[in-house]
Every structure is written in structure tokens, then in C-alpha cells.
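>>> structure for the following, please:
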Amino acid sequence: MSSLAGATFTVVTSEMLPVGLLTPISRDLQVTEGMAGLTLTVTGLVAAVSAPLLIPALGNLDRRAVLCALMALLAVGNLLAAWSPGFGVMLVARVLVGIGMGGVWAIAASLAVRLVPPRSVGSATSLIFSGIAVASVLGVPAGTYLGELVGWRMAFVGAGGLSLVVAAALVMSLPSLPTEGAVRLGAMLRLAGVPRVRLGLIVVALIVIGHFTAYTYVRPVLEKVSGVSAGQIGTLLLVYGLFGVAGNFASGAGAARSPRVTLLVLGGTLSATMALVPLLGQTTLTAVALLVVWGLAYGGVSVAAQAWMLVAAPEAREATSGLFAGVFNAGIAAGALVGGLATDAAGTTAVMWLGAVFAAGAVLVLATAGVRVRPA
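Alright, predicted model coming up:
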């Protein structure tokens with residue numbers, strides 16, 4: 001489980017690195033902050049497409065070998081980003097990162113049930129997804145600190161090296177994982193039409209779009225609204241991430257009992273917190289308090305949503321995980337794009353209001369839908 005957590009940690013760290021480095025990337029590559037946000041949008045879009053397409057394309061290939069190959073591709077993407085002499089090369093690098101991320105996420109999310117006894121599946125899934133929360137704790141802040149010390153390019157070099165280390169760990173720690181059966185693309189599309197699956201995907205999309213509309217541009221928001229200095233950004237993101245880890249495990253336990261209630265609480269908390277940032281987050285102290293609540297809430301979204309999806313279609317775990325990863329990453333891309341347009345057109349405060357609206361929409365959809373899922 002720990003090597004799979006390392007894989008999710010690495011792919012999310014790689015995807016999210018531009019969040020803490022947005023200002024120096026935009027300055028060095030001579031683009032606006034909104035344009036620099038496309039480094040996240042492109043990665044999310046590619047991951048959104050690759051996650052559901054790779055599952056049927058992989059056929060009967062052993063999943064351990066596939067995971068290792070995808071981690072190697074992730075390393076290439078990160079190293080190319082570190083070298084990029086211009087914004088075009090950076091976008092190509094981020095395409096490679098997106099392919100690696102989409103595949104790793106789709107496969108790893110469904111493996112807990114194959115590696116542990118049934119009674120431990122919930123905690124094992126939380127452990128795998130803890131890599132996402134820990135990426136917020138160590139990955140993004142560490143990249144931010146490294147960017148301040150030796151430049152943003154070295155942050156991408158570090159992510160590339162870590163990708164290779166994790167690939168080696170997967171080889172040594174995982175057993176052979178032959179596929180449980182080839183998945184056809186048509187079957188995946190039909191699965192998306194199942195009411196319980198469709199509702200889960202809609203809720204995930206709205207929450208993730210809302211979060212990344214705001215969070216992609218959290219650095220300029222903290223600098224311009226809260227008056228946080230560049231040297232403090234890494235510390236504040238570390239605080240956010242620490243509470244994100246706590247939220248991951250707390251929500252894992254809650255989702256095992258009721259995925260619906262857990263998602264309602266998380267979506268409502270996220271909406272309220274983002275809406276309060278422009279109103280109350282005008283000092284460093286209040287910004288920290290809001291980031292704590294934000295981290296607790298968002299840290300639980302991935303594990304709670306995955307719990308919903310696995311219960312919604314237990315007979316098609318890998319296919320459902322592929323759809324989940326695709327929609328999640330499409331949400332990341334859409335949020336980064338919407339946030340970029342909003343911050344360039346209306347300023348930093350606008351991204352917080354928009355994020356709150358999307359998260360509130362998820363709560364409304366889930367609260368009014370007649371569809372329910374029951375944990376096994």
C-alpha cells in the first residue's frame with residue numbers, strides 16, 4: 001500500500017507543482033499568471049482523457065508493469081518541464097505528466113480491494129489516497145521552498161527523480177497484478193449512465209471545479225488579499241496540507257459509513273470557506289484559519305468520492321475508477337481554466353466567489369437527488 005501511496009503522492013505533486021510556483025514560472029517564461037495556470041489546465045485535460053481511455057487500451061497487460069512504465073513517463077515529463085526554454089515546451093512536458101497521472105490514478109485507485117482482506121479495504125483505500133493529501137503537505141510546499149531557494153526548475157527536477165524512485169519501489173513491493181478482465185470503452189460509457197455512477201461523477205466534477213477555480217490561484221490571492229509575503233507562502237501551504245492529511249483519514253472513516261453525508265459536509269464546508277476568504281482572510285492570521293478549514297474539507301474529497309464510486313458499481317471497479325479519475329482531472333483542468341479567465345478579467349477575489357458557487361452547486365445536486373448508495 002505504501003508504494004501505491006507514493007505513486008499517488010508523486011503524480012499529484014507533479015501535477016500541482018505550478019500552484020506554488022505560478023509567479024516565478026510566469027515571470028521566467030514571460031506569460032501572465034492566468035496563462036501560466038494553463039500548465040495545470042493542460043495536465044488536467046490530458047489526464048481526464050487518458051484515464052478512461054488507457055483502461056481499455058491496456059487490455060490484459062500486468063498492472064504492476066503498467067504502473068512502472070507510467071511512472072517513468074512522469075519522470076520524463078517533469079525533467080522536460082525543468083529544461084523548457086519557452087512556454088510551448090513547458091506545455092508539451094505537462095501533456096506527458098497528464099498521461100502518466102491519469103493512468104496511475106485510474107489503476108491505483110482500484111487496487112486496494114485486490115491487495116488486502118475485505119475488512120481492510122476502506123483503510124487501505126484511505127492510505128492510497130493519502131498520497132494526494134500528503135502531496136499537499138510535502139510536495140507543493142517543498143516545491144515552493146525549493147523554487148525560492150534554487151529556482152522553480154529544480155523543483156521539477158526533484159519531481160522527476162522522485163518518479164523514478166517510486167517506479168523502483170513499485171517493482172520491489174507489488175506482486176504481479178494480471179488484469180481481472182479487459183474493459184471495453186463502450187462498457188465504460190454505459191457505466192457512466194448508471195444513475196448512482198452518474199450522480200457521483202457530477203458531484204465530483206462540481207466540487208473539484210470549485211476547488212481548483214480558487215486553489216490554483218491561491219498564491220496571488222494570499223499575496224494580494226491577505227498581504228502574505230512570498231517567503232510565507234510555503235509555510236501556509238504546509239499548514240493547509242497538514243490538515244488535508246487529517247481530513248483524508250477522518251473522511252475515509254466517515255465515507256465507510258455514509259459517502260453521501262460525508263460529501264455533503266465536505267462540499268458545504270468548502271463552499272463556505274472559499275466565500276469567506278475575501279471577507280475575512282485579509283490578515284495572515286485569518287488566512288491561516290481559513291486554510292486549516294479548507295485543508296480539512298478538501299483533504300477528504302478524493303477518498304469520500306472514491307468510496308461512493310466503488311459502492312455505486314462494485315462489479316466494475318477498474319472501469320469506475322477510470323471514469324472517476326477522468327472526471328476528477330477534467331474538473332482540475334476546468335477549474336484552473338475558469339480561475340485563470342476570472343483572475344485575468346476580474347481580479348483575484350473573483351476566483352474565490354466562483355469556487356464557492358461551484359461547491360454549493362455540488363451540495364444542491366447531491367441533497368436533492370433521489371439516488372442513494374449504501375456501503376457494503
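
>>> all helices of the stretch 251-376 of the chain, in order?
Counting by DSSP state H, counting those that start in this stretch, one finds helices in the stretch 251-376 of the chain at the ranges 259-280, 284-299, 301-312, 317-346, 348-368.

>>> average pLDDT for stretch 90-98?
Within the predicted structure, the mean pLDDT of stretch 90-98 is 93.

>>> ditto for stretch 39-56
Mean predicted lDDT for stretch 39-56 stands at 83.

>>> go on, stretch 186-206?
The average pLDDT within stretch 186-206 is 86.

>>> quick revisit: got TSV for the helices of the stretch 251-376 of the chain, with distance to residue 35 too?
For glycine as for every other residue, the C-beta is placed from the backbone atoms N, C-alpha and C. Putting those into TSV (distance: least, CB to CB, whole Å) gives the following:
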stretch	distance to residue 35
helix 259-280	23
helix 284-299	25
helix 301-312	27
helix 317-346	7
helix 348-368	15
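
>>> quick one, which of those helices is nearest to residue 91?
Each of the helices of the stretch 251-376 of the chain has some distance to residue 91 by CB to CB; the shortest is helix 317-346, at 12.7 Å.

>>> could I have stretch 81-96 exported to CSV, CA atoms only?
Listed next in CSV are the C-alpha coordinates belonging to stretch 81-96 (Å, rounded to 0.1, in the frame of the first residue of the first chain):
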residue,chain,number,x,y,z
ALA,A,81,9.5,20.9,-17.8
ALA,A,82,12.6,21.7,-15.9
TRP,A,83,14.5,22.2,-19.1
SER,A,84,11.8,24.1,-21.0
PRO,A,85,13.2,27.2,-22.7
GLY,A,86,9.8,28.5,-23.5
PHE,A,87,6.1,28.1,-22.7
GLY,A,88,5.4,25.8,-25.6
VAL,A,89,7.9,23.2,-24.5
MET,A,90,6.5,23.5,-20.9
LEU,A,91,3.0,22.6,-22.2
VAL,A,92,4.4,19.6,-24.1
ALA,A,93,6.0,18.5,-20.8
ARG,A,94,2.8,18.9,-19.0
VAL,A,95,1.0,16.7,-21.5
LEU,A,96,3.4,13.9,-20.7
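
>>> what are the buried residues along it?
Counting neighbours by 16 or more other CB atoms under 10 Å, one finds that the buried residues in stretch 81-96 are 81-82, 84, 87, 90-91, 93-96.

>>> just the ones of those residues in helices?
Secondary structure of the buried residues of stretch 81-96 is defined by DSSP state H; positions in helices are 81-82, 87, 90-91, 93-96.

>>> how close does the residue nearest in space to the middle of the chain get to residue 102?
To find the centre residue of the chain, average its C-alpha atoms and take the closest one (CA atoms, centre = their mean): that gives residue 12, at 5.7 Å. Remark: distance between residue 12 and residue 102 (CB to CB, to the nearest Å) = 12 Å.
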